[in-house]
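> Build me a structure from this.
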Amino acid sequence: MKRQILKVNNSRELQPGIFIMTLDGDCSEISAPGQFINIRLDGFYLRRPISIYSYDTGFVTIIFKVVGQGTKALAEAERGDTFDVLMPLGNGFDLSKGASKPLLVGGGIGVPPLYGLAEAMVTAGTVPQVVMGFNSEKEIILTDEFRALGIEPVITTADGSAGIRGFVTDAMKDLEFDYVYTCGPEPMLKAVYDLAPDGQFSFEARMACGFGACMGCTCETKYGYKRICKDGPILYKEEIKW
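You can find the predicted model right below:
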């Protein structure tokens with residue numbers, strides 16, 4: 001983990017209240033999809049943890065939803081603005097499991113880190129299935145980006161305005177898979193858990209430091225207590241304790 005000063009290259013709104021932003025700087029230590037960064041915002045005591053959408057040695061791209069004053073301030077940043085960023089944080093997804101039929105399941109703003117995972121899988125020679133769940137058509141993001149990887153994502157919306165009416169689990173019941181990678185709100189993760197033969201689950205949590213010192217995001221697992229920010233955010237199905 002390093003403290004970096006990153007500069008806003010570009011920022012735009014993908015859907016109402018959902019923004020994509022590219023930050024330039026030394027991002028060479030990012031090593032796995034599923035890791036995140038922790039951004040300091042002027043006027044706010046706590047940093048804001050944001051998952052990584054894509055990255056290279058000289059930039060990182062994030063996608064976030066405006067849910068409070070902190071993310072609102074982040075969305076108002078302009079090209080050339082700089083941020084104090086801690087990165088990379090978290091363990092990221094482990095691609096060494098060798099699943100023959102992997103399924104990626106994302107809910108809402110939990111979809112972006114799965115794009116980086118899909119990209120890594122395709123590069124390694126495996127094309128995963130992808131299910132993406134949203135509340136409505138107005139929140140759907142990244143369909144064209146997944147298609148560019150040769151993946152036709154299955155879309156679900158709670159209100160039925162696009163794709164399958166219902167939740168990601170409704171789509172999962174019609175698919176064949178032997179391993180699940182998933183990211184999204186905890187109620188979705190719990191529902192996916194019941195259908196997944198095995199897998200890795202990316203958890204969201206309120207956190208202060210972002211690197212394991214404050215113990216504020218500690219959760220109980222079958223193998224003891226773990227910190228979502230440092231020991232996670234990825235937990236394996238076998239260790240999750242609801």
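
> What mean pLDDT does the longest helix anywhere in the chain get?
Identified as the longest helix of the chain according to DSSP state H is helix 112-124. Taken as a whole, helix 112-124 has a mean pLDDT of 96.

> Can you mark which positions in that helix are buried?
Across helix 112-124, burial judged by 16 or more other CB atoms under 10 Å covers Pro112, Pro113, Leu114, Tyr115, Gly116, Leu117, Ala118, Glu119, Ala120, Met121, Val122. Where you see a C-beta, it was placed from the backbone N, CA and C, and this is true even at glycine.

> Also stretch 172-186?
Per 16+ other CB under 10 Å, stretch 172-186 contains these buried residues: Met172, Phe177, Tyr179, Val180, Tyr181, Thr182, Cys183, Gly184.

> Could you find the closest non-adjacent residue to the residue sitting nearest the centre point of the chain?
With distances taken as CA atoms, centre = their mean, Pro113 lies nearest the centre of the chain, 3.4 Å away. Excluding its sequence neighbours, the residue lying closest to Pro113 (CB to CB, 6 or more residues apart in numbering) is Ser51, at 4.4 Å.

> Could you do Phe44 as well?
Distances taken as CB to CB, 6+ apart place Gly70 nearest to Phe44, at 5.2 Å, with adjacent residues excluded.

> so is the one you found in a helix, a strand, or just coil?
Taking DSSP: H, G, I helix; E, B strand; the rest coil as the rule, one finds Gly70 in the helix state.

> What residue spans form the domains of the chain?
2-89, 102-204 (automatic domain parsing).

> Low-confidence ranges, the chain, go.
By pLDDT under 70, the low-scoring segments of the chain are 98.

> can we see that at 80?
Counting by pLDDT under 80, the chain contains low-confidence ranges at 1, 97-98, 205-208.

> Please look at the residue nearest to the centre of the chain and Ile52 and confirm they touch.
Yes: counting by CB atoms under 8 Å, Ile52 is a contact partner of Pro113 at 6.3 Å.

> which residues in the protein form helices?
69-75, 112-124, 143-148, 168-172, 186-195.

> and the residue nearest to Pro113, bridged to which residues?
Beta-bridge pairing for Ser51 (DSSP bridges): Phe36.

> cool, Gln4 as well?
Val85.

> That one against Pro88, yeah?
No: if you go by CB under 8 Å, Gln4 and Pro88 don't touch, sitting 9.8 Å apart.

> what's the overlap in contacts for the two?
Taking CB atoms under 8 Å, 6 or more residues apart in numbering as the contact rule, Gln4 and Pro88 both touch Cys27.

> For these two, indicate the residue with more neighbours.
With neighbours defined as other CB atoms under 10 Å, Gln4 and Pro88 compare such that Pro88 has more, 24 against 20.

> What separation do you get for the more buried one and Tyr55?
Look at Pro88 and Tyr55: by CB to CB, to the nearest Å, they are 8 Å apart.

> Give me the common contacts of those two.
Cys27, Ile30.
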